[in-house]
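In: everything below, folded, please.
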Amino acid sequence: MENVDRTIEEAITKFQIVMLYLNKEIVEIVKETGLSNLLSREQIEAMRIIKTEGKVTINELAQLQNIFKTAASKRITKLEEMGYVQRAHSDNKRIKLITLSDEGEMFLKKATAVMTEAVKERLGDKFTTEEVHNFVDQLTKIDNAFKENK
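Out: Numbering: from 1, shown residues only. Now for the predicted structure:
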């Protein structure tokens with residue numbers, strides 16, 4: 001068990017470091033591709049969260065992005081002004097749910113394609129298709145394990 005603990009500790013450390021580098025690279029990609037002239041990395045991240053979750057509240061978005069509710073609200077207001085998201089009342093009418101608009105879906109699809117190409121260029125031929133699939137599968141397992149323990 002001790003060996004597993006050490007391996008998990010190493011995985012956590014490497015993951016945190018890789019995520020720092022990856023976020024830095026994404027900022028560079030967003031700048032290089034001209035996407036930063038349109039939206040910030042954080043705004044694109046918010047749109048990606050909304051796309052993944054289907055619909056979110058401001059509170060949920062703030063928690064997922066690890067920011068204050070006021071910052072999430074400002075972010076959503078800007079995206080709403082640009083026509084990329086829309087607010088709708090939930091069933092109980094008190095809570096507003098944020099969803100992507102059709103325009104937001106199209107923008108995110110284009111942004112994702114641009115970022116995917118840029119990441120592929122940076123990675124080159126260091127990974128096979130099978131390795132990428134295995135990596136995604138492992139991330140999915142980790143994601144599911146954390147969701148089960150909520």
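In: check contacts around the spatially most central residue of the chain.
Out: The centre of the chain sits closest to residue 45, judged by Cα atoms, centre = their mean, with a distance of 4.3 Å. By Cβ atoms under 8 Å, 6 or more residues apart in numbering, the residues touching residue 45 are residue 65. To be clear about C-beta, it is placed using only N, CA and C from the backbone, and glycine gets the same treatment.
In: in this structure, where is pLDDT below threshold?
Out: Residue ranges of the chain with pLDDT under 70: 1, 150.
In: how about the helices in it?
Out: 2-32, 41-53, 58-65, 69-81, 102-123, 129-148 (DSSP state H).
In: out of those, which is closest to residue 94?
Out: Of all the helices of the chain, it is helix 58-65 that lies closest to residue 94, at 12.2 Å by Cβ to Cβ.
In: got the buried residues for that closest one?
Out: 58, 60, 61, 62, 64 (16 or more other Cβ atoms under 10 Å).
In: break the protein down into its structural domains.
Out: 1-37, 40-110 (automatic domain parsing).
In: among those, which is nearest residue 128?
Out: domain 1-37 (18.9 Å).
In: got the buried residues for that closest one?
Out: Going by 16+ other Cβ under 10 Å, domain 1-37 has these buried residues: 26, 29, 30, 35, 36.
In: now do stretch 98-112
Out: 98, 99, 100, 104, 107, 108, 111.
In: what residues are up against the nearest residue to the fourth one once chain neighbours are set aside?
Out: Yep, that's residue 104 we're talking about. Nearest non-adjacent residue to residue 104, counting by Cβ to Cβ, 6 or more residues apart in numbering: residue 84, 3.5 Å away. Neighbouring residues of residue 84 by Cβ under 8 Å, 6+ apart: 39, 47, 100, 101, 103, 104, 107, 108.
In: next one: phi and psi at residue 94?
Out: Main-chain torsions, residue 94, degrees, to the nearest 10: phi -90, psi -30.
In: tell me how far it lies from residue 79.
Out: Here the distance between residue 94 and residue 79 works out to 22 Å (Cβ to Cβ, to the nearest Å).
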